[in-house]
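S.K.: model this:
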Amino acid sequence: MIITIFATKSSTKTSIAVSVAVYLKNSGNDVLLADLDTQSSASDWLDYRSENSNLNQIVCVKKNGKNVSRDLIELAAKYDYVVCDCGGKDYLAGRLSLLAADIALIPIFQPIYHC
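M.R.: The predicted structure is shown next:
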């Protein structure tokens, strides 16, 4: 199953993606985190997490370009879940991950204004 988290910049996409991946991994699933964001925050986070051998480790790949949809579908055949962390802009890899997704999570940031 492919789960894509897609939204605008500063909408907690990466936090949601890594939290979903950790939850699924800790529930006994085989999980891959696909970092589709050029900032690579999810990959950096997993590098830091891998230093603690007491934690369940999560495989991560970086993907981009015109073959993202095909690549995600192929990876989904090898893992129980592929969790996709998209960049905060409209770009090809993000749109292609939405096409491949079984579930799309789209967080909406609503600013609170005080008068």
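S.K.: can you tell me how far Gly87 sits from Ala42?
M.R.: The gap separating Gly87 from Ala42 is 11 Å, by C-beta to C-beta, to the nearest Å. Using the backbone N, CA and C atoms, a C-beta is placed for each residue, glycine as well.
S.K.: Counting neighbours, what do you get for Met1?
M.R.: Counted with other C-beta atoms under 10 Å, the neighbours of Met1 add up to 13.
S.K.: hang on, the earlier thing: neighbour count winner among Gly87 and Ala42?
M.R.: Neighbour totals were compared for Gly87 and Ala42, and Ala42 leads with 27 against 22 (other C-beta under 10 Å).
S.K.: now the helices: where do they sit in the protein?
M.R.: When secondary structure is read from DSSP state H, the chain shows helices at 13-26, 41-49, 68-76, 92-100.
S.K.: Export the ones you listed as TSV, with columns for mean pLDDT and distance to Ile3.
M.R.: Putting the helices of the chain into TSV (pLDDT from 0 to 100; distance: least, C-beta to C-beta, whole Å) gives the following:
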stretch	mean pLDDT	distance to Ile3
helix 13-26	94	6
helix 41-49	89	13
helix 68-76	96	10
helix 92-100	90	10
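S.K.: May I see those arranged in TSV, with distance to Asn56 as well?
M.R.: Formatted as TSV, those follow (distance: least, C-beta to C-beta, whole Å):
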stretch	distance to Asn56
helix 13-26	5
helix 41-49	9
helix 68-76	19
helix 92-100	24
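S.K.: Tell me which of those helices sits nearest to Val83.
M.R.: Ranking the helices of the chain by proximity to Val83 (C-beta to C-beta) places helix 13-26 first, at 4.5 Å.
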